[in-house]
Structure formats: C-alpha cells, structure tokens
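**Q** Based on what follows, work out the 3D shape:
(chains A and B)
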There are 2 protein chains.
Amino acid sequence: MRCSEPGHRALVAIHASRGRVAELGSLGVNPNGGMKMTQVRVESFTISLDGYGAGPDQGVNNPLGVGGDALHDWIISTRAWRQMHGKEGGARGIDDDFAARGVKNVGAWILGRNMFGPIRGPWPDMNWKGWWGDDPPYHVPVFILTHHARPPIQMEGNTTFHFVTVGIHEALDQARKAADGMDVRIGGGPTTIQQYLRASLIDELHVAFAPVLLGGGERLFERVDLRALGYECVQFVGSEKATHVVLRRQAQ
Amino acid sequence: MRCSEPGHRALVAIHASRGRVAELGSLGVNPNGGMKMTQVRVESFTISLDGYGAGPDQGVNNPLGVGGDALHDWIISTRAWRQMHGKEGGARGIDDDFAARGVKNVGAWILGRNMFGPIRGPWPDMNWKGWWGDDPPYHVPVFILTHHARPPIQMEGNTTFHFVTVGIHEALDQARKAADGMDVRIGGGPTTIQQYLRASLIDELHVAFAPVLLGGGERLFERVDLRALGYECVQFVGSEKATHVVLRRQAQ
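**A** All right, here's what the predicted structure looks like:
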C-alpha cells in the first residue's frame, strides 16, 4: 500500500495501523460515532492497461465487448466472487480481499442501462431481465438509468430492478432510500461512472488494472479530471493478476 | 509475472525459466544465434493511473507538466538511476531491475523535441542544450525530432544531440546506424511514441504505472490501437511504488 500524495500519507497510515480486516470493515461506518453514513462507491471496476472498461463491439454475445472477459480473470477465482454466485471454495489473498470489500455494506446498486442489457432505444417487450438469469448476484434493489420507462422487476434472491428515467440525481436519491443507511454501489459502465464523478457524487472508487490490452472500447477515465475533482490515490497494491487502486474524494 | 493472453504463456514461461537476470540480459540478443539484433524499445516510461505521461502546462519550470514529477518517484531512489547520474548507493529490487534494463544495451536514443526542451517553433539561438546540464545522462548519440534544423551539439560524457528534420523513419535509420548493433531507445514524449507505434516500429515497451492522478496532459495510449498492432502483455509485476508492464509486438 502506498500513495504519492504526501497530504494523504496520514490516511494511509491510519488504514495500515488498523490492519486489513479493520480497514475493509471501516467502509460505510462513521469512525467518529459508529453511526452508519451512506457512502457512494465504485467497486471492483476493472480496466485494461490501455484504460478501457469494456472492449469494442458490445452486444448480446459480448456483454463486455470483444476481449472484455479477460478483464475479470482476477475476480472469478476468488472466494468472495464464488460465494456471491452461490459457489463454494475459491482463492484467498489480495484479490479476494478486494472482491469481498466490493459487496460489503452495499444496500443498493445503480447501473447504466447498457450494463443491464444489449437493447437500445424503447423496450420492444418486457422479456429482457438482465444478463444474470433468475437469481442475479445483487440481492438488493438495483436502479437502472434509462430514458424508457418500465415497471420494476422482482427477481429471485431479493434482487429488484427499478427503472429510473429522471436522471442520475433522482436515481441516487431512490438508491439511498432503498439502501437505508448502507452504501450505494455504482456498478458502471464507464459513462455512468463518469456522470457521477463529474457531479462529485462518488466518495470512493476501487479500480483494478488487469494485464490486458483491449485496443478500443469505452475508457473509464475520459472526460473527467480526477485531480480537479479532488480525488487522490489512498491505496495501491498488486497481485499477480491485477493492480488494485483506491481513489478517494477529499473534503473540498 | 503474468499475462492474460493464453497464446503467450509460452513466452512468459521461457522468461520465467531463465530467471530474472537472464531475462533482462536477453534484451537485444537474438536467442537463435547469439548475434546482436537491434531492438527498438521504450523503457521506464511512466504514466499516471488516469493514463497521462506528463501533466498539464508543460514549460521551463515544469518539464513534466504540473504534478508530473511524482511519476518518477519509483525510479529516482534506485541504484541504477543513481549510477546513471553519477551517484553511489540506491535501492535494489523490482524498481531497480527495471531501471537497469532501461539503459542496458542502448546504443542510441530518439526524443521528441518537447522532451529536449520547452522551446517551440524556430530556434531563437543555439543556447538551449537540453534539461540535463553539461553532462546529460545519455552517454550515446541522441536523435531529436524537430521541424527546425540545427547543427549537432557535442556534450560531455559522450552524449551528442543530433537534430533530424526529415521524419521518424529517417531518424530511426540514423539512430540504428549510430547504435551499431545495440538497441535504439525511444525516450518520448507520448506523441513521439505513438508515431513509432502506429508505424509498427517499436519491438517492446516497458511502461510503469505510478500511483498518481494527473487529471490532464498527454496520454500515452491515445490514437493507437495496441491490440490491432499486435502488442501483448508479456510481463506484469508490481512494487510498492509502481506496476511494471512489458508490452511486446508479436510477429504478424
């Protein structure tokens, strides 16, 4: 763990002295009072070495674009990811720590519509219910940004998809209420994350860099000046499969 | 060390079986014959987490743009870097291994003009001789891409600056001849590297990711599709201060 911004060595030092478990456990908890304080977080968002969060030519056969699957090699073998998907076993270690923190204390999700499915424009019918089958790996309310209204869908395992047509602020308000003191996770894709970044609404981002080149697609850090928005790197640690970075927005 | 492209696990395995020193020593040597074969390499080129090789507002007081100095925290304490600059001591380890490989078997350099200095347009006089004082850390011929002719400058310590006005191919031809069987290193900046990448003239790039946000400036991987050009990640390893990545162009 290491950060380049001298002003935040203190923060890193605090994290370090608490140890790994305490550090992960501190997410979403107000250290001054023990009262829960909703944080807006991006977690386990993986980009290629050339900066893309998804490859080119996304579609029903390539949810993450051509070559995009390779982004997630680091997470799919982890214990936490397997648990989220109802499987046993899996690897522990740095990658697992980050996969685990990604679902800890998350009370609601927000997704861009393209992350929900490949359909563009008006819904042709109500058949598409996401990429994830009958029991999606969310298990909490999920708010989907779209220009095309649609009734909510109740899925198995406590996941409900809500469709929000009135913009990112309203979606966040609804997600905060649904999260009821827990945190809101912005799932992606890159355009959705950028909108929330530019509105200074994201408290913390965990970004993983995977040893993959995608050549094209959607960049995560496009049309956004993270330095001007007050983000700083507060954690930097690598495994064999990914470099994990935590960016946190400092009080302005 | 690890790569995501199954087709190149073999290459990585070869590297791994040779061990670290042999791997670094193999650069520029034809493994089939032992004869030297000139490679064109980018080395120790550092980018921020948001992809910038230099910060905004480059100028005489900010050669690397605002905030850009922080990119090189990983290298300035290494033994190899200190040696290059006539100093003793320094840290060993992964960062030092990469700093050392960056100058190994380099017989000539190519620099974009903005890396040589802050002056744009015609040379007002012959006074500017680079950022580096009387004894620049090259110690070999350096070819500078410019639209404005200027006689060569012989510096101390065997560095000569040559000014090439006829384009990147001619500059590389001249650098190859000067390197006399050793390798040619493309120093930067990002625009110069991109021109050589697009012309498929770079064999290998070592890129370091530093835990820094620059917010703006010049991106390294802009206007270039590394996947289409045949580059693949053949090494991925991190220290506390940087993640080191080696990209190699595969035979097409």
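**Q** which one is A:H72 nearest to, not counting chain neighbours?
**A** Using CB to CB, 6 or more residues apart in numbering or on different chains and skipping the chain neighbours, the partner closest in space to A:H72 is A:T46 (6.0 Å). All C-beta atoms are positioned from the backbone trio N, CA, C, and that covers glycine.
**Q** who are the neighbours in contact with that neighbour?
**A** Each residue near A:T46 by CB atoms under 8 Å, 6 or more residues apart in numbering or on different chains is listed here: A:53, A:71-72, A:74-75, A:207-210, A:242.
**Q** Just the ones in helices from the residues you listed, please.
**A** The helices in this structure, assigned by DSSP state H, contain A:74-75 from the contacts of A:T46.
**Q** need the contacts of A:T46 in a markdown table with pLDDT and distance to A:D134, can you?
**A** Conversion of the contacts of A:T46 to a markdown table gives the following (pLDDT from 0 to 100; distance: CB to CB, whole Å):
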| residue | pLDDT | distance to A:D134 |
| --- | --- | --- |
| A:G53 | 94 | 27 |
| A:L71 | 96 | 25 |
| A:H72 | 95 | 22 |
| A:W74 | 97 | 27 |
| A:I75 | 97 | 22 |
| A:V207 | 98 | 31 |
| A:A208 | 98 | 28 |
| A:F209 | 98 | 33 |
| A:A210 | 98 | 29 |
| A:A242 | 98 | 30 |
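**Q** Okay, buried residues for stretch A:159-179 please.
**A** Residues A:159-164, A:168, A:171-172, A:174-176, A:178-179 are the ones in stretch A:159-179 that count as buried (16 or more other CB atoms under 10 Å in any protein chain shown).
**Q** What of stretch A:107-119?
**A** Judged by neighbour count (16+ other CB under 10 Å), stretch A:107-119 contains these buried residues: A:107-117, A:119.
**Q** still on that earlier bit, narrow the contacts of A:T46 to those in strands?
**A** In strands, defined here by DSSP state E, the members of those are A:53, A:207-209.
**Q** Chain B contacts on the stretch 51-200 of chain A?
**A** Residues of the stretch 51-200 of chain A lying near chain B by CB under 8 Å from any CB of the partner chain: A:51, A:67, A:70, A:73.
**Q** cutoff 10 Å now
**A** The stretch 51-200 of chain A has residues A:51-52, A:55-56, A:66-67, A:69-71, A:73-74 near chain B, with proximity defined as CB under 10 Å from any CB of the partner chain.
**Q** ranges for the strands of the stretch 151-252 of chain A?
**A** Taking DSSP state E, counting those that start in this stretch to define them, one finds strands in the stretch 151-252 of chain A at A:153-154, A:160-164, A:183-188, A:204-209, A:218-219, A:231-238, A:243-249.
**Q** Residue ranges of each domain in chain A, please.
**A** Domain ranges of chain A: A:1-34, A:38-119+A:134-249, per automatic domain parsing.
**Q** Number of residues surrounding A:I47?
**A** 26 (other CB atoms under 10 Å in any protein chain shown).
**Q** nearest spatial neighbour of A:E218, skipping sequence neighbours?
**A** Closest residue in space to A:E218, ignoring its immediate chain neighbours: A:P190 at 4.3 Å, by CB to CB, 6+ apart.
**Q** And for A:T192?
**A** Taking CB to CB, 6+ apart, and ignoring the residues beside it in sequence, A:T192 has A:G112 as its nearest neighbour in space, at 3.5 Å.
**Q** Quick one: residues contacting the one you found.
**A** By CB atoms under 10 Å, 6 or more residues apart in numbering or on different chains, the contact set of A:G112 is A:144-146, A:168, A:186-195.
**Q** Pick out the least confidently modelled helix or strand of chain A, by mean pLDDT.
**A** Counting by mean pLDDT, DSSP states H and E, chain A has its least confident helix or strand at helix A:9-25, which shows a mean of 33.
**Q** Report the angle between the very next helix or strand once past that helix and strand A:204-209.
**A** Past helix A:9-25, further along toward the C-terminus, the next helix or strand under DSSP states H and E is strand A:40-47. The directions of strand A:40-47 and strand A:204-209 differ by 10 degrees, with axes from the mean of the first three to the mean of the last three CA atoms, to 10 degrees as the criterion.
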